[in-house]
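> sequence below, structure please.
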Amino acid sequence: MNLRALFRPSLEERPGDVGLEFGGLQCSFGELDLRSNRLANLLAAEGFESGDRIAVYLENSIEFIDIYLASIKLGLLFTPINILYRDREIDHILRDAEPRRLIAGRNSPALENRDALVAEDLAEAARRFSSDFTPCSLKRASPACLVYTSGTTGRPKGAILTHGNFAANARTLIDAWRLAPDDRLLLALPLFHVHGLGNGLHTWLALGYRTRLLDRFRKETIIQEFLDFRPTVFFGVPTMYERLLDANPDTARSIGQAARLFVSGSAPLPARTFERFRELYGHAILERYGMTETLMNISNPYDGERRPGTVGLPLPGVAVRLQDGEILVKGDNIFAGYWRQPEATAAAFTEDGWFRTGDVATRSEDGYYTLEGRRTELIITGGFNVYPREIEEFLREQPGVADAAVIGVPHAIKGEAPAAFIVLRPGATADAAELQTRCRAHMASFKVPIVFTCVDRLPRNALGKIQRHLLAQRSD
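Have a look, this model is predicted:
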């Protein structure tokens, strides 16, 4: 199945139903279909042809969705760019993907010194084009998106995700998470990332449930958005759930009574956050595991135990195994390869076709997987293996500590040793000796950080993942 076929029941068979709310506006599925038809005609007039790349640097907006749907209808490779990226990172993607054009918002820094199209001007110009459009022929294996990895340890690589990858992922999540046409989704995730795009936008358009799209997550207004819209489903990342813990108990209870499912991913969810959220909202957050190259792989069950600290069980249609602790996966969700990097693609797969995720995990006797960190984050100190997440979880449980990250730093005798960066709660003070004492009382001596550094905040990417390479620079 391709994405156009996946979305057809909503866009073409329910044209009068309101499908999207954004910035106080409402848009029916039929309007979305016609808007994207007009834009597809405009882009065709601009010279776009099937197989071309179209780079998009936009916040969440109706224009973003218009461009995405028009790209699908034209057979383009939609290439979203993280809006937190600046010149060096943007230029790398543009050089690598070689898109026919870049589209950006009117006030975007991406417009500076670049031959780019302005999204708002395109939307206005598209009104003059016909709303009749004959889409190109698409197959399951047809490329749909060129999504660049976060590049936290090197230059971002373009992952080629096909129509079949996205369709398989959406249908799996719809079944696994019991998503239904009468759900209501509050979508605050950035659409330039596969979490917002592949999980949020695709399941919405596949089922036709009503969605309120936010341009971004704002801690000052998110509680009111919940109260106004009364969503039944929310997809978030751990930092979002941390912000939601600020709600007063009565408000949290009211939000929880309207909702039926809260999902977390893109970064490990601290067990403390899981428990505090359950106390406030009356819901056990469903944590799952995926990545750009594979979309969703593993999930805690909708029915059954949602075990804190774990990412759950393999999703239907996804085969998972551990090799020397590393997660390997197979399935229709696995990407087609890295853009113009055959050697990197070959290295990413085993000889018998399993994708090497680079993530290290353990598996319980009853099949639940617990992520230990990235293989590249492994700290080898005096011959012992140390995974940062174990230490970070412990530090976050300590009084006065709001957040923590652990990296390996050079050590004259052990080769390297753990070093901790901590963010304190307002009004708290740090005592490195006391923290070391607590660590020694609860974990092996080789896991105890040799130094504790207080920082105002930890460097994270748009989806909340800690950018450890930036911490490593600070420790030099």
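> which SSE is immediately downstream of the host helix or strand of residue 205?
Assigned by DSSP states H and E, residue 205 belongs to helix 202-207. Next helix or strand after helix 202-207 toward the C-terminus (DSSP H and E): strand 210-213.
> and that next one, what other elements does it pack with?
Judged by 3 or more C-beta pairs under 8 Å, 6 or more residues apart in numbering; DSSP states H and E, the packing partners of strand 210-213 are strand 18-22, strand 184-187. C-beta here means a position set from N, CA and C on the backbone, and glycine is covered the same way.
> pick the most deeply packed of those.
Mean neighbour count (mean count of other C-beta atoms under 10 Å) peaks for strand 184-187 among the helices and strands packed on strand 210-213, with a mean of 23.
> packing partners for it?
By 3+ C-beta pairs under 8 Å, 6+ apart, strand 184-187 packs against helix 202-207, strand 210-213, helix 222-229, strand 233-236.
> adding mean neighbour count, mean pLDDT and distance to residue 375, write these out as a markdown table.
Converted to a markdown table, the helices and strands packed on strand 184-187 look like this (neighbours: other C-beta atoms under 10 Å; pLDDT from 0 to 100; distance: least, C-beta to C-beta, whole Å):
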| stretch | mean neighbour count | mean pLDDT | distance to residue 375 |
| --- | --- | --- | --- |
| helix 202-207 | 24 | 98 | 29 |
| strand 210-213 | 22 | 98 | 36 |
| helix 222-229 | 16 | 98 | 35 |
| strand 233-236 | 25 | 98 | 26 |
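> just put the ones you listed in CSV and tack on distance to residue 28.
Below are the helices and strands packed on strand 184-187 laid out as CSV (distance: least, C-beta to C-beta, whole Å):
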stretch, distance to residue 28
helix 202-207, 13
strand 210-213, 11
helix 222-229, 17
strand 233-236, 20
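> sorry, back to before: and residue 79, which of the helices and strands packed on strand 210-213 is closest to it?
strand 184-187 (20.9 Å; C-beta to C-beta).
> which residues are contacting the closest one?
Defining contact as C-beta atoms under 8 Å, 6 or more residues apart in numbering, one finds that strand 184-187 is touched by 60, 196, 200-201, 203-204, 209-214, 225-226, 229-235.
> and if you look at stretch 174-183?
In contact with stretch 174-183 (C-beta under 8 Å, 6+ apart) are residues 173, 203, 206-210, 232-233, 260-261, 263, 286, 299, 301-302, 315-316.
> check stretch 405-422 too.
377, 379-382, 386, 388, 391-392, 395, 401, 403-404, 430, 435, 446-455, 458, 466, 468, 471-472, 474-475.
> of those, buried ones?
377, 379, 381, 386, 388, 391-392, 395, 401, 403-404, 430, 435, 446-449, 452, 458, 466, 468, 471 (16 or more other C-beta atoms under 10 Å).
> so residue 297 sits right up against residue 334, yeah?
No: using C-beta atoms under 8 Å, residue 297 is not in contact with residue 334; the gap is 9.2 Å.
> tell me which of those two has more neighbours.
Each of residue 297 and residue 334 has its neighbours counted (other C-beta atoms under 10 Å); residue 297 has more, 28 against 23.
> and the helix or strand harbouring that one, average pLDDT?
For residue 297, the element it lies in under DSSP H and E is strand 295-299. For strand 295-299, mean pLDDT is 98.
> so what does whichever helix or strand comes after that strand touch, helix or strand wise?
Later in the chain than strand 295-299, the nearest helix or strand by DSSP H and E is strand 313-314. Packing contacts for strand 313-314, counted by 3+ C-beta pairs under 8 Å, 6+ apart, involve strand 295-299.
> who does the strand it packs on pair up with?
strand 286-291 (antiparallel), strand 313-314 (antiparallel) (DSSP bridges).
> how about the residue sitting furthest away from the middle of the chain, secondary structure?
Most distant residue from the mean C-alpha position of the chain: residue 413, 39.1 Å away (C-alpha atoms, centre = their mean). What DSSP: H, G, I helix; E, B strand; the rest coil gives for residue 413 is coil.
> phi and psi next, for it.
For residue 413, the backbone dihedrals (degrees, to the nearest 10) come out as phi -100, psi -40.
> for it, give its distance to residue 446.
12 Å (C-beta to C-beta, to the nearest Å).
> which neighbours do those two have in common?
Shared contacts of residue 413 and residue 446 (C-beta under 8 Å, 6+ apart): residue 382.
> coming back round to it: which of the buried ones among the contacts of stretch 405-422 fall within strands?
Among those, the ones falling in strands (DSSP state E) are 379, 381, 386, 401, 403-404, 452.
> adding pLDDT and distance to residue 168, write those residues out as JSON lines.
Shown next, in JSON lines, are these (pLDDT from 0 to 100; distance: C-beta to C-beta, whole Å):
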{"residue": "379", "pLDDT": "89", "distance to residue 168": "36"}
{"residue": "381", "pLDDT": "87", "distance to residue 168": "41"}
{"residue": "386", "pLDDT": "84", "distance to residue 168": "36"}
{"residue": "401", "pLDDT": "94", "distance to residue 168": "41"}
{"residue": "403", "pLDDT": "93", "distance to residue 168": "35"}
{"residue": "404", "pLDDT": "94", "distance to residue 168": "37"}
{"residue": "452", "pLDDT": "94", "distance to residue 168": "45"}
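> low-confidence ranges, the stretch 351-476 of the chain, go.
Across the stretch 351-476 of the chain, the ranges flagged by pLDDT under 70 are 475-476.
> try it again at 50.
Counting by pLDDT under 50, the stretch 351-476 of the chain contains no low-confidence segment.
> can you give me the helices in the stretch 301-450 of the chain?
342-347, 388-396, 432-442 (DSSP state H, counting those that start in this stretch).
> so which of those helices comes closest to residue 64?
helix 342-347 (28.5 Å).
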